[in-house]
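Chemist: what follows is a predicted protein model with its sequence.
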Amino acid sequence: MTRYAINLESVSKKFRKRLNNKIQALTDVSLKITEGEAFGFIGANGAGKSTTIKIITGALRADSGVVQIFGCDASNSDARKKMGYVPESPYLYDYLTPFEILQMGVKAHKSILPQQIKTHCIKWLERFEIAHVANKTIRGFSKGMMQRTALAHAMAIEPRLLILDEPLSGLDPIGRQLVVDCLSEYKKQGGSIFFSSHVLHDVERLADRFALIHQGQIKKIGSTSESSNTYTITYIDHKQLDNSENENKITCTHENLWHQLDTIRKHGNTLIDIHSRKNLEEQFIEAARNE
């Protein structure tokens, strides 16, 4: 039986705008994220990404539908045990130090033995390359340093699920690569990741699958490998037994594209077309324009 880290079924949400007016933020959103999967959530500003994330984390209640974390209803506080969450703009108490922030999170989740907490927190501060400011108050930190502190805090609790809203926001190129490496390692160790991002290249390199949300509705769910690394080759096989010359199609990856083309040529077939699958940016623009 498939075990889902996140299960959303027909989730809808409205917000009151004025006295008698409501805005439909989400309409029948359904998603299933498998345990151990990295899932990217893409969409324009106001599409419903942050609302969905807040419902998953229990910060908002859906008007209707099912919201489950590892089979537990999201309204139950048990669903948030071992869940790491970093919002788009983390709010951290600026009078605390990075070490104090990590220590507070680890103690709250009771994930580490008391005698190991100090060593454990320093390990994660070193991993995000902020150990040199471990005991400095974060007042005056840059956005990138704040983001690293928030991510280190989320990872230090040893979560089985990471919920990240624009996790690479505000990071310089070195910081971005550092975070990407940390998230990749986390996934290889069996962790589950659900993250939103406006940077579609980050989704293509981090996520196994993605969902495109537009105006509160899921428009597409697909595999990132298929969207960025797959080609469809159309050709005519002149040696078919029925002597027909119908078009044949095969799908291949970039790595074996030239091998497939060479095979088609060697068998005396006629190449008709090579078509690459649309990347995420093209799919995103197409979905927006079709509304």
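Modeler: Nice, I can see it. The shown structure was predicted, so the numbers you read here are calculated from the model rather than taken from an experiment.
Chemist: and the longest helix anywhere in the chain, what does it pack against?
Modeler: Across the chain, the longest stretch assigned as helix under DSSP state H is helix 173-188. Where contact means 3 or more C-beta pairs under 8 Å, 6 or more residues apart in numbering; DSSP states H and E, helix 173-188 is packed against helix 143-156, strand 192-196, helix 200-206. Using the backbone N, CA and C atoms, a C-beta is placed for each residue, glycine as well.
Chemist: buried residues of the helix or strand where Thr119 lies, list them for me.
Modeler: Assigned by DSSP states H and E, Thr119 belongs to helix 117-127. Buried residues in helix 117-127, counting neighbours by 16 or more other C-beta atoms under 10 Å, are found at 117, 120-121, 124-125, 127.
Chemist: let me know the closest of those to Ile56.
Modeler: For the buried residues of helix 117-127, the minimum distance to Ile56 (C-beta to C-beta) is 23.6 Å, reached by Trp124.
Chemist: residue contacts, that closest one?
Modeler: By C-beta atoms under 8 Å, 6 or more residues apart in numbering, Trp124 lies in contact with 102, 152, 155-156.
Chemist: what is the burial count for Ala150?
Modeler: 25 (other C-beta atoms under 10 Å).
Chemist: same deal with Ser142?
Modeler: Counted with other C-beta under 10 Å, the neighbours of Ser142 add up to 12.
Chemist: just the CA trace of the longest helix of the chain, in CSV.
Modeler: In CSV, the C-alpha atoms belonging to helix 173-188 read as follows (Å, rounded to 0.1, in the frame of the first residue of the first chain):
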residue,chain,number,x,y,z
PRO,A,173,24.6,31.7,-5.9
ILE,A,174,26.9,30.0,-3.3
GLY,A,175,24.0,29.9,-0.8
ARG,A,176,21.6,28.5,-3.4
GLN,A,177,24.0,25.7,-4.3
LEU,A,178,24.6,24.9,-0.6
VAL,A,179,20.9,24.6,0.1
VAL,A,180,20.3,22.5,-3.0
ASP,A,181,23.0,20.1,-1.9
CYS,A,182,21.5,19.9,1.6
LEU,A,183,18.0,19.2,0.2
SER,A,184,19.4,16.6,-2.2
GLU,A,185,21.2,14.8,0.7
TYR,A,186,18.0,14.9,2.8
LYS,A,187,16.0,13.3,0.0
LYS,A,188,18.6,10.6,-0.6
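Chemist: what angle separates that helix from helix 117-127?
Modeler: With axes from the mean of the first three to the mean of the last three C-alpha atoms, to 10 degrees defining the directions, helix 173-188 sits at 130 degrees from helix 117-127.
Chemist: helix 143-156 and helix 173-188, what's the angle between them?
Modeler: Put simply, helix 173-188 runs at 10 degrees to helix 143-156, going by the same axes, to 10 degrees.
Chemist: now tell me what touches helix 173-188 from outside.
Modeler: 36, 38, 127-129, 144, 147-148, 151, 155, 162, 167-168, 171, 193, 202, 205-206.
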